[in-house]
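Novice: kindly return the folded structure for what I paste below:
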Amino acid sequence: MESSCSCGGTVTMLLACSGGSNVGQISNEVARRLTVDNCGVMFCLAGLGGDVEPLIERTRGAERILVIDGCPVACAKKVLDRHGIAHQWLELTGLGIEKCPDLELKADEVAVAMDAAEKCLEA
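Specialist: Okay, here's the model as predicted:
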């Protein structure tokens, strides 16, 4: 599938919640695909949550950050907020994707999330 995103020369750091639900895994898949499509660079949210200083500083220095959370609990967003790092935020259940414990990815849900993420990158 060809990506339609346009980064305008700005490198976007991608941070996905990657939680233990379908929407967490979709957030991870979207960040992975955007990285493969050269629309951004996936980065280590766990390192930020673990207060790994070199990773925090690298994130602070990013040109642009897109945080992709699976649900309104907003774990990924809260990590960046705790460090005072500005970012764009995308929350997948807000797109109509229902959260469930099933870790299988549904192609139509991934497509909806990809479309929304690409629109964030175009903004």
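
Novice: alpha carbons only for contacts and neighbour counts from here, please
Specialist: OK.

Novice: paired strands for the helix or strand that contains residue 13, with orientation please.
Specialist: Residue 13 is part of strand 12-16, with elements assigned from DSSP states H and E. Here strand 12-16 is paired, per DSSP bridges, with strand 41-42 (parallel), strand 64-69 (parallel).

Novice: average pLDDT for the shortest one?
Specialist: So the one you mean is strand 41-42. When pLDDT is averaged along strand 41-42, the result is 96.

Novice: stretch 73-90 too?
Specialist: In the prediction, stretch 73-90 has an average pLDDT of 97.

Novice: which residues touch that stretch?
Specialist: The contact list for stretch 73-90, computed with CA atoms under 8 Å, 6 or more residues apart in numbering, reads 15-17, 45, 48-49, 56, 59-60, 64-69, 91, 116-117, 120.

Novice: let's see 7 Å
Specialist: 16-17, 48-49, 60, 64-69 (CA atoms under 7 Å, 6 or more residues apart in numbering).

Novice: pull out the buried residues from that stretch.
Specialist: 74-77, 79-80, 85, 87, 89-90 (16 or more other CA atoms under 10 Å).
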